[in-house]
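Novice: quick one: sequence and predicted model below, then my questions.
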Amino acid sequence: MNAQTIDYNKLQRQVDAHPYPLVFATISGAHLYGFPSADSDFDLRGVHLLPLEQVVGLDGPEGGGSDTVEKEGVHDGIEMDLVTHDAKKFFGLMLKKNGYVLEQLLSPLVVYTTPEHTELKAIGKDCITRHHAHHYLGFAATQWKLFRKDEPPKVKPLLYVYRVLLTGIHLMRTGKVEANLLTLNQSAKLTYIDELVERKLAGPEKGRLDAADVEFYEREYGRLVSELEVAMEKSSLPELASGRDALNDLLLRLRLRG
């Protein structure tokens with residue numbers, strides 16, 4: 001199967017096999033970021049709902065229940081990596097300036113959805129603060145270290161560096177979550193992004209960089225970090241999230257409904 005083509009029917013069958021009811025399941029990773037290779041696996045992310053008796057009883061998350069469900073490998077002919085969190089855990093992450101979970105929640109690549117998913121997306125906008133910039137600065141620093149560890153340097157971690165920084169800059173300026181690097185670059189206009197993506201899609205042979213090019217990419221990394229820091233300082237986003245009460249109300253309704 002061509003990784004550029006998303007077989008939603010096969011992914012839906014994986015969702016159907018989940019042990020708990022789901023609030024939503026979306027595609028994250030390289031497909032969401034706009035640069036999936038032919039061999040890219042499918043990163044499925046979502047929220048599940050533990051039964052009430054597991055939440056309040058001894059077998060809940062504190063007693064060894066599954067507030068996180070993980071499944072990876074080749075299933076139904078596709079390589080996938082599924083991770084879902086129980087609603088309480090995911091909602092808590094939404095209040096911790098975690099841009100990663102917001103990207104999953106707002107991913108346009110939807111495999112499974114519910115009315116509560118729509119409600120959660122609306123609440124998610126009230127969980128965005130200027131301090132989400134710290135998430136993206138930290139994420140970019142981690143990816144940059146990974147990029148510098150490889151010899152010869154590889155394109156893939158470098159694309160993650162720039163994707164993360166452009167997402168953070170866009171969020172600080174607009175208050176909107178956008179994870180697709182190609183979409184972000186329509187306004188950023190970084191002349192080297194298209195070539196880097198093409199090299200990544202061409203496979204491992206083209207996915208390596210010359211050591212002489214690293215100096216240029218390091219200057220760009222530093223420039224974009226500074227741009228994100230300035231965007232955070234100038235951002236009109238609030239200091240604190242205002243969505244806590246709405247998240248609590250939704251969680252209670254989901255639990256009591258069962």
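Specialist: All right, it came through fine.

Novice: all helices of the chain, in order?
Specialist: Counting by DSSP state H, the chain has helices at residues 8-16, 29-33, 52-56, 87-94, 99-105, 115-124, 132-149, 155-174, 181-188, 193-201, 214-234, 244-257.

Novice: closest to M80 out of these?
Specialist: helix 8-16 (6.2 Å; C-beta to C-beta). Where you see a C-beta, it was placed from the backbone N, CA and C, and this is true even at glycine.

Novice: quick revisit: closest to E72 out of the helices of the chain?
Specialist: helix 8-16 (10.9 Å).

Novice: what distance separates that closest one from the centre of its chain?
Specialist: 20 Å (C-alpha atoms, centre = their mean, to the nearest Å).

Novice: wait, S242 touches D126, no?
Specialist: Yes. Between S242 and D126 there is a contact under C-beta atoms under 8 Å: 4.7 Å.

Novice: coming back round to it: and the helices of the chain, which one is worst for confidence?
Specialist: Comparing mean pLDDT over the helices of the chain, the weakest stretch is helix 52-56, at a mean of 82.

Novice: mind checking how far that one is from the chain centre?
Specialist: For helix 52-56, the distance to the chain centre is 28 Å (C-alpha atoms, centre = their mean).

Novice: could you do stretch 178-194 as well?
Specialist: With C-alpha atoms, centre = their mean, you get 17 Å for stretch 178-194.

Novice: list the buried residues for it?
Specialist: E178, A179, N180, L181, L184, N185, A188, I193 (16 or more other C-beta atoms under 10 Å).

Novice: export it as CSV, just CAs?
Specialist: What follows is stretch 178-194, C-alpha atoms only, in CSV (Å, rounded to 0.1, in the frame of the first residue of the first chain):
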residue,chain,number,x,y,z
GLU,A,178,-1.4,23.9,12.3
ALA,A,179,0.9,20.9,12.1
ASN,A,180,1.4,20.4,8.4
LEU,A,181,4.8,21.7,7.4
LEU,A,182,3.9,22.3,3.8
THR,A,183,0.9,24.4,4.8
LEU,A,184,3.0,26.3,7.3
ASN,A,185,5.6,27.0,4.7
GLN,A,186,3.1,28.7,2.4
SER,A,187,3.5,31.8,4.7
ALA,A,188,6.9,31.1,6.2
LYS,A,189,8.4,30.8,2.7
LEU,A,190,11.5,28.9,3.7
THR,A,191,13.2,28.1,0.3
TYR,A,192,14.8,24.9,1.5
ILE,A,193,11.8,23.1,2.9
ASP,A,194,10.4,21.7,-0.3
